[in-house]
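*Asks:* I would like the atomic coordinates for the input below:
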Amino acid sequence: VLRKNIVAGATSLCLCLWRITQSISTPFEPVNGAISDAVSIPSPSADPAPAVTPPITEQVAEAPLTALDVLQEVGAEVSLSELGLGSNTPVGLIQNLLEFMHVSIGLPWWGAIVAGTIFARCAVFPVIVKGQREAAKLNNVMPEMTKLTNRMNEAKQSGNKFEFSKAYTDLMMFQKKYDVNPLRGFLVPMAQAPIFISFFIALRKMAYLPVPSLQTGGLWWFTDLTTADPFYILPIAVTSTMFAILELGAESGVDNPNMRAMKTVFRIMPFVILPMTINFPTAVFTYWMTSNLFSLGQVALLRHPVVRQKLRIPERITHPSSALPPNEGFIKSIKKGWNNAQLAQQLEERERRIKGHLDMAAKGPLRQTFTHNPLQQSAAPVSTGKSSCSKQDQKRPWEETIG
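*Replies:* Here you go, the predicted structure:
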């Protein structure tokens, strides 16, 4: 019995060892079938296969999509606020206005820019009418204003303060009587310049970002509003219309020598800025061209007599050339203005020195005064012996009385 037990134990031990060796020689089977499909343990005898890296394009394609990518895939319009545009600043308000016209009203981007430009120009039209009234009133009294101004300048150049004060007072009374002020002529540029600059910055930011829908929101040959005009048609058209505006605008303004001199600058300016603006995005030129066409129509409208009467714009008086100072030319007028500025600076320096001397005399110690110039020595009379003897021989009047 004991021998049988020993044989049975040895047999069971050998069977266990055989099972252990079998389990080590074969790979373990994973519990979950999905894991076995994803992870496979290579056998030790097999050659190691090289690791295969997927292409970069597949990695980018498998990257998680952002909210902007999802909106573009769906075809929805991306708001300007998601792109970091649009705020409470003047530039941001213009961007919000253009977005409202494009998204809410349904206009294409070129139509939104045109509509926004017309809306902004109509908003400042009352300021334009006010400027035309002031220009007409100033033009009608220009000869008298020129005389008073010349009188004041002559008194200033001569250093006559009394005459200068009198001429200045007469000029102020004249302006008050006829309700004119040359500074009101800057009302129109001050109203239009901020709007132009705000539109320019707003559209340039939208084009340089760029706003995705702007790339297909153009018209005709400039379908992409974020790039420059490939045929340079818009830059040349904008330059031509600007030249026409400056020519017509000079006639509707005030006819004085300064404006006639500046007219030369206005004629040259559009062609000077053309090389600097030729590569602007077509979105900017769409606004600029619309604004120039509006200005041409506005100038033609305000020159009509019936319209001027309805808007209460005074009729301009054509003065004879003898009533106005002669046109000295642009270069000569600049030289004259430079000389007048230098003369005015010299007079101011002279007044400052006189005031400084008076202050020193009032605050400083008293100075010794002389009846003659102490720096110049007067020559003593040359005395001769004869004169001295005659002086000694001359008797004094009281000597005879005393005896």
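*Asks:* quick one, domains of this protein?
*Replies:* Annotated domains of the chain cover 122-141+180-327, 330-361 [automatic domain parsing].
*Asks:* Mind putting those into CSV with mean pLDDT and distance to Thr169?
*Replies:* C-beta: built from backbone N, CA, C; applies to glycine. Formatted as CSV, the domains of the chain follow (pLDDT from 0 to 100; distance: least, CB to CB, whole Å):
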stretch, mean pLDDT, distance to Thr169
domain 122-141+180-327, 83, 16
domain 330-361, 75, 19
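*Asks:* wait, what's in contact with Tyr232?
*Replies:* Ile278 (CB atoms under 8 Å, 6 or more residues apart in numbering).
*Asks:* List the buried residues for whichever helix or strand Gln95 is part of?
*Replies:* According to DSSP states H and E, Gln95 maps onto helix 90-99. Judged by neighbour count using 16 or more other CB atoms under 10 Å, the buried positions of helix 90-99 are Val91, Gly92, Ile94, Gln95, Asn96, Leu97, Leu98, Glu99.
*Asks:* next structured bit after that helix?
*Replies:* helix 109-123.
*Asks:* same for that following helix, what does it pack against?
*Replies:* Other elements packing on helix 109-123 under the criterion 3 or more CB pairs under 8 Å, 6 or more residues apart in numbering; DSSP states H and E are helix 90-99, helix 187-208, helix 282-302.
*Asks:* Compute the inter-axis angle for the shortest one and helix 187-208.
*Replies:* On the basis of axes from the mean of the first three to the mean of the last three CA atoms, to 10 degrees, helix 90-99 is oriented at 70 degrees to helix 187-208.
*Asks:* going forward can the numbers begin at 847, since that is how I track them
*Replies:* All right, first residue 847 from here; so that's helix 936-945.
*Asks:* winner for burial among the domains of the chain?
*Replies:* domain 968-987+1026-1173 (a mean of 16; mean count of other CB atoms under 10 Å).
*Asks:* Residues in contact with stretch 947-964: which ones?
*Replies:* Residues contacting stretch 947-964 (CB under 8 Å, 6+ apart): 923, 925, 940, 943-945, 1045, 1049, 1059-1060, 1063-1065, 1071, 1129, 1132-1133, 1136-1137, 1140.
*Asks:* any chance you could map the strands in the protein?
*Replies:* Shown for the chain, no strands are assigned by DSSP state E.
*Asks:* before we move on, back to that, out of the buried residues of helix 936-945, which one sits closest to Cys968?
*Replies:* Among the buried residues of helix 936-945, Leu943 lies closest to Cys968 (CB to CB), at 13.2 Å.
*Asks:* mind listing what that closest one touches?
*Replies:* Leu943 touches Gly962, Phe965, counting by CB under 8 Å, 6+ apart.
*Asks:* biggest helix in the chain by residues?
*Replies:* Taking DSSP state H as the criterion, the chain has its longest helix at helix 1176-1209.
*Asks:* what's that helix packed up against?
*Replies:* Contact partners of helix 1176-1209 among helices and strands, from 3+ CB pairs under 8 Å, 6+ apart: helix 988-1004, helix 1103-1123.
*Asks:* In TSV, list those helices along with distance to Val1145.
*Replies:* Converted to TSV, the helices and strands packed on helix 1176-1209 look like this (distance: least, CB to CB, whole Å):
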stretch	distance to Val1145
helix 988-1004	21
helix 1103-1123	14
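*Asks:* quick one, what contacts the closest residue to Ser1141 other than its chain neighbours?
*Replies:* Counting by CB to CB, 6 or more residues apart in numbering, Ser1141 lies nearest to Ile1091, which is 4.9 Å off, once chain neighbours are set aside. Applying CB under 8 Å, 6+ apart to Ile1091 gives the contacts Asn1138, Ser1141, Leu1142, Val1145.
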